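[1] just to be clear, the model below is a prediction. Sequence and coordinates:
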Amino acid sequence: MKKTILGLFAFSMMSATALAADIKPAIIYDLGGKFDKSFNEAAYNGAEKFKTESGVEYREFEIANDAQREQALRRFASDGNSPIVMAGFNWAASLEKIAPEYPNTKFAIIDMVVEKPNVKSVVFKEQEGSYLVGVLAGLASKSKTVSFVGGMDVPLIHKFACGYVGGAKSTGADVKVLEAYTGTTPDAWNDPVKGGEIAKSQIDQGADVVYHAAGGTGVGVLQAAADAGKLGIGVDSNQNGLQPGKVLTSMLKRVDVAVYEAFKAAKDDKFEFGISNLGLKEDGVGYALDDNNKALITPEMLDAVEKVKAEIIAGKVEVHDYMSDESCPY
Amino acid sequence: MDFFHVIVVLLESTIRVSVPLIFAALAGLFTERAGVFDIGLEGKMLGAAFAAGAVAAVTQSVWMGLLAAILISIALSLVHGYASITQRGNQIVSGVAINFIVAGSTVILGEAWFRQGGRTPALGEGSRFQTITFPFADSVREIPILGPIYSDLLSGHFLLTYVAFAMVPISWWILYRTRFGLRLRAVGENPGAVDTAGISVIWLRYRAVICCGILCGFAGAYLSLAMTAGFVKGMTAGKGYIALAALIFAKWRPFNIMLACLLFGFLDALAIRLQGNPLPLIGQVPVQLMQALPYILTVILLAGFIGKAIPPKAGGVPYVKER
């Protein structure tokens, strides 16, 4: 009897796997690496969540340099993986080329729009999330000076900066925002020493809240802010725990949700192509509130930021998108 | 914020940025003066930074971290020494190989040991260097001119910062005022003559390489234990190469090296500082130009303003006793 039950159990397990094995999902990370505590790690968390929920294994790859992009993508596609999710805007050029070669493969790219019939493009309204943390920064700042450290100097990062400036200045016309970028090459995502130096320079100029959108470089930014007794703001993943009590909040970008949804939709055969633009309304971006930063955010600040959030969702406040015209009106 | 304060802050930042360059360039000075070119400064520094971060995280002791950094860096130097002194291999190839091996293996080991994507765990207060505040630094800050110079510029740095600046006269003294230094310089100019005098060229060059390892160890430990709290992959970000440029720029002389490193550090600090701040008369300067400025100036200065930089005559040539 026991054996039969066990057998049945084993059989049901097998059939479950057999059903779910219909898709072979894969994910490829960008240069920051899987555990960057930020963007790529969020993508990884989404894939892991899908794996634990559905039991479907996924393939993954971390590229070591730009030259590997096309090779890795083609390899995954020719192995019959589908959907293939790419984390990062740098994938666009390779995908443009490879998507038409594998018309039956489902591709998804995060942070960039690639207009091909078999590609799903997921972009976020980072400006909205950045606007919210900007509001919090403006309210938390005593010196009325806040600052921003970007990673690589590209339009996407200016989008973060622009929203942040808008949010900070909405708390008072006298708020000053300093803005700097680590570099112009992909190395700028992995230079915590320089990130820390930029943060120190901004703190010397009076900033007391420093927001970073700089991947691995941001570890140095948050460290420098904490060392100087000032506040940092994390990005992409919830980074409040990196320097507990010294990180005001984190601008959440739900890359994990995007990856999870892409895998799940493919499994349920509901994968949709085209552009999806996730903002506050869709819960694609937001700000982090947990035990690490509870003491830093006063009830008044919370009320203010929730009010702004509701206004953005209702469309009463429109946050400018830097990428639409490559300029920032704030 | 007045002009004077801006200058003090800028110089303070200059000192912080130039410390790893000074260590690395002095490290290069010792080997190159002995006739062994070392393009592997970058790799040694990175290896040392990783060792320091990993050991300090495990033992919770900054001193163990520093010791590990120096040991790893010496070990890497000896590999370079074995390849280029004993085996008479190509010194550039050996140095480049070290850079590649370290860049890859630090990430692999870090991932295997700590599972944080090649990063070492963030270090707490006790397991990293703290800044040293000189006596009365706070009380004299209000004194005009001298106050800020004492409190902000001289006080408030890491122990390793003071070590770096102390190493400059020490290196000069070793190279120019000791028997070891004289022989070391001779072995870089004319190893045959040194050999004729009955002194082992091989052993001298090995000692020079070990000196280089010690100094690179300091440079790496400074990056991961003082400036930041832990190792991040590729965190040297080309500092080893900039140190090499400073070495050539300074014509292989200790005090010139310090000045060259401070100049490079100053340009870096200036670029950071000027980002987003409009200049008087000129207005807003593009970020890209500011970031390229240190390199542009290096090229211009190297091209015509410092005269000819002549390397040690026997540099890069393995010593062959008999053919």
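    Sure thing, it's come through.

[2] would you map the strands across the chain?
    Picked chain A for this. All strands of chain A, identified by DSSP state E, fall at A:26-29, A:59-62, A:84-87, A:107-110, A:119-124, A:145-152, A:176-183, A:209-213, A:231-236, A:247-253, A:274-278, A:285-287.

[3] not quite, I wanted chain B
    Secondary structure of chain B (DSSP E): strands at B:131-132, B:157-158.

[4] that older thread, closest one to residue A:200 among the strands of chain A?
    Closest to residue A:200 of those, according to C-beta to C-beta: strand A:209-213, at 9.6 Å. Where C-beta positions appear, they are placed from N, C-alpha and C, glycine not excepted.

[5] now for that closest one, which elements pack on it?
    The contact analysis (3 or more C-beta pairs under 8 Å, 6 or more residues apart in numbering or on different chains; DSSP states H and E) places strand A:209-213 against helix A:126-140, strand A:145-152, helix A:155-170, helix A:192-204, helix A:217-227, strand A:231-236, strand A:247-253.

[6] residues contacting it, please?
    For strand A:209-213, contacts defined as C-beta atoms under 8 Å, 6 or more residues apart in numbering or on different chains pick out A:126, A:130, A:133-134, A:137, A:140-141, A:146-151, A:157, A:160-161, A:164, A:195, A:199, A:202-203, A:218, A:221-222, A:224-225, A:230-236, A:248, A:251.

[7] mind redoing it with 7 Å?
    Contact partners of strand A:209-213, identified using C-beta atoms under 7 Å, 6 or more residues apart in numbering or on different chains, comprise A:133, A:137, A:140-141, A:146-151, A:157, A:160, A:164, A:195, A:199, A:202, A:218, A:221-222, A:225, A:230-233, A:235, A:248.

[8] buried among the residues you listed? Make that a ChimeraX selection.
    In ChimeraX syntax, the buried subset of the contacts of strand A:209-213 is picked out as below (16 or more other C-beta atoms under 10 Å in any protein chain shown):
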select /A:133,137,140,141,146,147,148,149,150,151,157,160,164,195,199,202,218,221,222,225,230,231,232,233,235,248
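
[9] point me to the residue of chain B nearest chain A.
    Here chain B gets closest to chain A at one residue, residue B:117, 2.6 Å apart by C-beta to the nearest C-beta.

[10] pretty sure that residue sits against residue A:32.
    No: Residue B:117 is beyond contact range of residue A:32, at 8.6 Å (criterion: C-beta atoms under 7 Å).

[11] between those two, tell me which one has more neighbours.
    Neighbours were counted for residue B:117 and for residue A:32 using other C-beta atoms under 10 Å in any protein chain shown; residue A:32 has more, 26 against 22.

[12] wait, what's in contact with that one?
    Residues near residue A:32 by C-beta under 7 Å, 6+ apart: A:38, A:39, A:40, A:189, A:215, A:216.

[13] go through chain B and flag its longest helix.
    helix B:3-33 (DSSP state H).

[14] what helices or strands is that one leaning on?
    Under the contact criterion of 3 or more C-beta pairs under 7 Å, 6 or more residues apart in numbering or on different chains; DSSP states H and E, helix B:3-33 touches helix A:192-204, helix B:41-59, helix B:159-177, helix B:179-189, helix B:201-221, helix B:239-249, helix B:254-274.

[15] alpha carbons of stretch B:154-163, as CSV, please.
    Extracted in CSV, the C-alpha atoms of stretch B:154-163 (Å, rounded to 0.1, in the frame of the first residue of the first chain):
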residue,chain,number,x,y,z
LEU,B,154,46.5,67.1,7.5
SER,B,155,44.3,65.4,10.0
GLY,B,156,41.4,63.0,9.3
HIS,B,157,43.1,60.6,6.9
PHE,B,158,43.7,56.8,7.1
LEU,B,159,46.8,55.4,8.6
LEU,B,160,47.8,54.1,5.2
THR,B,161,47.6,57.6,3.8
TYR,B,162,50.4,58.7,6.1
VAL,B,163,52.3,55.5,5.4
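
[16] which other residues reach it?
    Contacts with stretch B:154-163, where a contact means C-beta under 7 Å, 6+ apart, come from B:15, B:19, B:129, B:131, B:132, B:133, B:134, B:137, B:218, B:221, B:222, B:226.
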